[in-house]
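[1] Sequence isn't available, so here's the structure alone:
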């Protein structure tokens, strides 16, 4: 007699919830010691809903299929030398930033969700966190495998995890994640699953990955979209955990709102790097940062927060500032990297005429007025052989750790500068958002490992730029500085027939 | 800025094509936008992917969980069972 097929609901119940048990000889508080100290009140974990109702057997089935598809494409990409089909070698610098800045966060997320899953006392949340932890490990592995093909042909990919731990601008993503991981489990999930993944990562994985496809990078778009298919599940977890906390107890509402405010701003500042990848680092552009922000945050995020207003949740604090900044963010960011290109693990350059025209069109109120003249000035210096590098180390924001180059919300010509005093010391911030976060937990943020302070204290290999670069494992004159003068560009010209050396066999041009 | 749109984004490939067509058929207010390698579909308030509509197009059994394979992103509350996958705002 054939057994009756279980409905999706019944199957989910039997394969997840029914696997749990009530502890007999230890108290729940001893088994899950972190579930209460953040002030979140949970009365009934059975009210947790997992909308995807994904059971472990189905999880492995679908993940295996995703992997088969992905690796078939990665193999084809390597076999067919797909790295030569990208628009031009400048594009590859976006991948350097991705591998050093984003991939290590995937690994951190793998660890973070394993820890969160261990601390939640409800089985629905445990299973969702466990699946996400495994997903994140898959993401970092697929990214390393995909990008390893580029490492055979381009500079700057050789020691990405070491760089993530040490290089100045990589302390921005690193400290973001460590801030989340050193919080409690509910704040961690609010930070990463809701504020970052649900509200903000569409900006990275949709327009940027679509941009990778547009620039001929079949491998990156494939790992990007493969990761993002898991991300849909993570975003759902993020929304679920928020709704669950809000429905369980009204005392949770102000705590959740405070976390949303904090992590929206932390995540938005982190996305500064993405804004510049979209507007400056993709030779062929899909949409501007401003358009993406309008589509994915103002429109889509607006609908989300409208939906959450029935729980008493409002838009994250300072969202208006993000809207005011949308016409300058990418330009201010790219200028930082042009200034400090000698200390970066990727190349920087000035946009060419057609790119400047595109920027003028996309940013009619700001580009020609504020940024084009700056770039033209730098270009004139470059033409005289005096390519500008800034040898004064910048002041960093104590919270987001980005150089303090952002401008006043209502005045794009004035650098925004905020400060707080704590235990007799002065701390500096790029914005009201970052200052508020510090003021709420100063004892946490005074411990920040700020790269510039560390260099001046002599903790980063020495006092000169070459010594610091060596400590970063960067080869001066090879991994850093101007794209036009780079080995990457010279190789690219050779390989793609752009110079007299085109006939030289590819193999001999590959970096050792 | 007040709106109640939900969205689903899928890879633009052969497996997703019948799903996209099914969504267009079952959601008259849906707005389909193509970008390199992906398709984003917005709909006011509610968007449904029906198993039957996809099966009609592909000529075999289809489980709404197969959406996971070619899904890129989504926004909205999810309600899923054997017969459909729904995104919606509000309760």
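    Cool, the structure landed. Keep in mind it's a predicted model, so treat the numbers as computed, not measured.
[2] and residue B:78, what element?
    strand B:77-80 (DSSP states H and E).
[3] Residue A:419 now?
    Going by DSSP H and E, residue A:419 is part of strand A:418-422.
[4] list the buried ones in that strand?
    A:418, A:420 (16 or more other CB atoms under 10 Å in any protein chain shown). Bear in mind the C-beta positions are built from the backbone N, C-alpha and C, glycine included.
[5] one step back: name the next helix or strand downstream of the strand holding residue B:78, please.
    Next along from strand B:77-80, by DSSP H and E: strand B:84-88.
[6] And that following strand, what does it pack against?
    Helices and strands touching strand B:84-88, as assessed by 3 or more CB pairs under 8 Å, 6 or more residues apart in numbering or on different chains; DSSP states H and E, comprise strand B:5-11, strand B:46-50, strand B:77-80.
[7] repeat that with 10 Å
    Applying 3 or more CB pairs under 10 Å, 6 or more residues apart in numbering or on different chains; DSSP states H and E, one finds that strand B:84-88 makes contact with strand B:5-11, helix B:17-26, strand B:38-44, strand B:46-50, helix B:51-58, strand B:71-75, strand B:77-80.
[8] How far does it sit from its chain's centre?
    8 Å (CA atoms, centre = their mean, to the nearest Å).
[9] Check stretch A:105-119 too.
    Centre to centre, stretch against its chain (CA atoms, centre = their mean), the figure for stretch A:105-119 is 16 Å.
[10] How about the most centrally placed residue in chain A: what's its closest non-neighbour residue?
    Of all residues in chain A, the one closest to the mean position by CA atoms, centre = their mean is residue A:102, 5.1 Å from it. Excluding its sequence neighbours, the residue lying closest to residue A:102 (CB to CB, 6 or more residues apart in numbering or on different chains) is residue A:173, at 7.0 Å.
[11] partners of the strand holding residue A:419, with directions?
    Sheet pairing for strand A:418-422, assigned by DSSP bridges, gives strand A:425-429 (antiparallel).
[12] For the strand it pairs with, give the mean pLDDT please.
    Mean pLDDT, strand A:425-429: 98.
[13] Stretch A:57-73 too?
    Confidence over stretch A:57-73 (mean pLDDT, whole number) is 91.
[14] on that earlier part again, would you agree the residue nearest to the centre of chain A is in contact with residue A:274?
    Yes. Look at residue A:102 against residue A:274 with CB atoms under 10 Å: they come within range, at 9.1 Å.
[15] Which residues are in contact with each of those two?
    A:201, A:204-205, A:208 (CB atoms under 10 Å, 6 or more residues apart in numbering or on different chains).
[16] from those residues, which is closest to chain B?
    residue A:205 (6.9 Å; CB to the nearest CB).
[17] so where does the nearest residue to residue A:227 once chain neighbours are set aside fall, helix or strand?
    Of all residues not flanking residue A:227 in the chain, residue A:139 sits nearest, at 4.5 Å (CB to CB, 6+ apart). Secondary structure assignment for residue A:139, by DSSP H and E: helix A:123-151.
[18] Are there helices or strands packed against that helix, and which ones?
    Contacts defined by 3+ CB pairs under 10 Å, 6+ apart place helix A:123-151 against helix A:8-15, helix A:56-79, helix A:92-101, helix A:103-119, helix A:160-166, helix A:185-189, helix A:218-248.
[19] Kind regards, and thank you for your time.
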